[in-house]
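Student: this one's structure only:
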């Protein structure tokens, strides 16, 4: 892969640039994103704590802003380090290209979660689970739907994925001017395709991170092929995906701990106890990583003693917040090291894991401890469990009601009065996008697109909108 081709500035639809516009194409992408309704909706979508009233804990919006900042920083530090220290490496971008790369990653951080449904990752699970349970019973004109759709269409539904939905939203559902979405550059779109495989090629046992999940739907196959051909990435992971993925991991793993301590799910003492476990220290084989890990534990203790000495009102919370900033720095340096150390493999499409899981970094174990602690004290807590079950109830209700109506919609099958009203509720923009995509398509393709019409509508909902609509439709 070569940066001259990777930094493809083409868009699916040509976009005129004004003579006085000094921005590069990726900086223009930035302004299109932050001005969009889809981006603004992230302020009312769950990161970890659904429908939380606190103004402290993260939403998808604040999380995305943090990922954007980390991703841009990683781009600058990683590629400047390569230019200064790796003269033996081939294909290192020049200064102008590094500016463009930084802009791409800044934008990619903003939109990496833009396709996620309401209520966090459990929203994704709920959609997948509903289709897995119902596809065998759904019918259209007396035939089972699973016998009308092709194998990839079926697998798209039962492997529903927010990452693939992001590509769909950005290129098809943002119907402001036409049916080409936000008209973002191909380089940026390739950066948010974390898994360059379709639903038939998912292989979690392959050992290669790129095969882990669905990257694009059958509906976007032609677009995916066009993007990856123009950038030259082909079936490989686009190189900037590794930096975006690391920025996301750093942002959510540290923020989850800070938010959880703030809300009382984890105490200072519990966090310290988890970090001080011998099992984690014994799992570290590298002396440099072990030294860095011990330093991180000592830093948390030091922060607390300093906060007590300063007689701060909440010394333990202050210690954790300052420690989180320190840990973010450790993990950012670890990600930079993992990327630069494996740069040649990444550029050859031969690196098959995350850069933060690389054996070369100093933060691998620290990151795992943060994730495990969040799972232990937050994700399986009764409060989160109840909220997830509530989310599943809401999403299942929508799918139960909207899918039967969508199956008949735009066909010669007659909708009953209730089904007509459910279709009427769906946004005109989504219906317009469907009509545009369905033109000249086969019966099975149109049916598939009508099913996606419902998931598109649900994914466009904020948490509050979904809850309020559910209550209204149930007369609550």
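Tutor: Okay, I see it. What you see is a predicted model; the values in this text were computed from it and never measured.

Student: Mind jotting down where the helices sit in the stretch 1-150 of the chain?
Tutor: Ranges of helices in the stretch 1-150 of the chain, per DSSP state H, counting those that start in this stretch, are 3-6, 25-34, 37-40, 60-85, 95-111, 121-134.

Student: Pick the most deeply packed of those helices.
Tutor: Ranked by mean neighbour count under mean count of other C-beta atoms under 10 Å, the helices of the stretch 1-150 of the chain are led by helix 95-111, which reaches a mean of 22. (C-beta placed from N, C-alpha, C; glycine too.)

Student: thinking again about what came up before, okay, the helices of the stretch 1-150 of the chain in TSV with mean pLDDT and distance to residue 448 next?
Tutor: Putting the helices of the stretch 1-150 of the chain into TSV (pLDDT from 0 to 100; distance: least, C-beta to C-beta, whole Å) gives the following:
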stretch	mean pLDDT	distance to residue 448
helix 3-6	94	32
helix 25-34	90	28
helix 37-40	90	23
helix 60-85	94	27
helix 95-111	95	25
helix 121-134	92	12
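
Student: ok, the nearest residue in space to residue 283 that is not next to it in sequence to residue 291 distance?
Tutor: Nearest non-adjacent residue to residue 283, counting by C-beta to C-beta, 6 or more residues apart in numbering: residue 365, 6.2 Å away. According to C-beta to C-beta, to the nearest Å, residue 365 stands 12 Å off from residue 291.

Student: ok now do the residue nearest to residue 283, which residues does it touch?
Tutor: Residue 365 makes contact with 280, 283, 284, 289, 293, according to C-beta atoms under 8 Å, 6 or more residues apart in numbering.

Student: Test my guess that residue 11 contacts residue 184.
Tutor: Yes - the pair residue 11 / residue 184 is scored as a contact, 6.7 Å apart, by C-beta atoms under 8 Å.

Student: more neighbours, these two?
Tutor: The neighbour comparison of residue 11 against residue 184 (other C-beta atoms under 10 Å) goes to residue 184, with 28 against 20.

Student: show me what contacts the closest residue in space to the more buried one that isn't next to it in sequence?
Tutor: In this structure, residue 184 finds its nearest non-sequential neighbour in residue 29, 5.1 Å apart by C-beta to C-beta, 6+ apart. Contacts for residue 29 (C-beta under 8 Å, 6+ apart) come out as 103, 104, 107, 182, 184, 185, 188.

Student: try 10 Å this time
Tutor: Going by C-beta atoms under 10 Å, 6 or more residues apart in numbering, residue 29 touches 9, 11, 23, 103-104, 106-108, 110-111, 170, 182-185, 187-189.

Student: before we move on, what about residue 316?
Tutor: So residue 316 contacts 261, 267, 268, 269, 271, 272, 303, 304, 307, 308 (C-beta under 10 Å, 6+ apart).

Student: burial count for the second one?
Tutor: Okay, so that is residue 267. 14.

Student: okay but it is in contact with residue 377, surely?
Tutor: Yes - taking C-beta atoms under 10 Å as the definition, residue 267 is a contact partner of residue 377 at 9.0 Å.

Student: Need the residues touching each of those two.
Tutor: 260, 261.

Student: picking that back up, which one of the contacts of residue 316 is nearest residue 430?
Tutor: Of all these, residue 430 sits closest to residue 261, with 39.6 Å by C-beta to C-beta.

Student: what's the spacing between the closest one and residue 132?
Tutor: 36 Å.

Student: Now do the end-to-end distance for stretch 409-428.
Tutor: One end of stretch 409-428 to the other measures 14 Å (C-alpha to C-alpha, to the nearest Å).

Student: repeat for stretch 275-283
Tutor: Criterion C-alpha to C-alpha; first-to-last residue distance in stretch 275-283 is 13 Å.

Student: neighbouring contacts of it?
Tutor: 274, 289-290, 293-294, 296-298, 300-301, 323, 364-366, 368-370, 372-373.

Student: Would you indicate which residues of that stretch are buried?
Tutor: Neighbour counts over stretch 275-283 (16 or more other C-beta atoms under 10 Å) mark 275, 280 as buried.

Student: what do you get for stretch 386-401?
Tutor: Applying 16+ other C-beta under 10 Å to stretch 386-401 flags 387, 388, 390, 391, 392, 394, 395, 396, 398, 399, 401 as buried.

Student: In terms of position in space, what residue lies nearest the middle of this protein?
Tutor: residue 113 (3.6 Å; C-alpha atoms, centre = their mean).

Student: Please, a ChimeraX command that selects the buried ones among the contacts of stretch 275-283?
Tutor: The ChimeraX selection below is limited to those of the contacts of stretch 275-283 classed as buried (16+ other C-beta under 10 Å):
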select :274,289,290,293,296,297,300,323,364,365,366,369,370,373
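
Student: The contacts of stretch 275-283 in helices, which ones?
Tutor: With DSSP state H as the criterion, helices contain 274, 289-290, 293-294, 296-298, 300-301, 323, 364-366, 368-370, 372-373 from among these.
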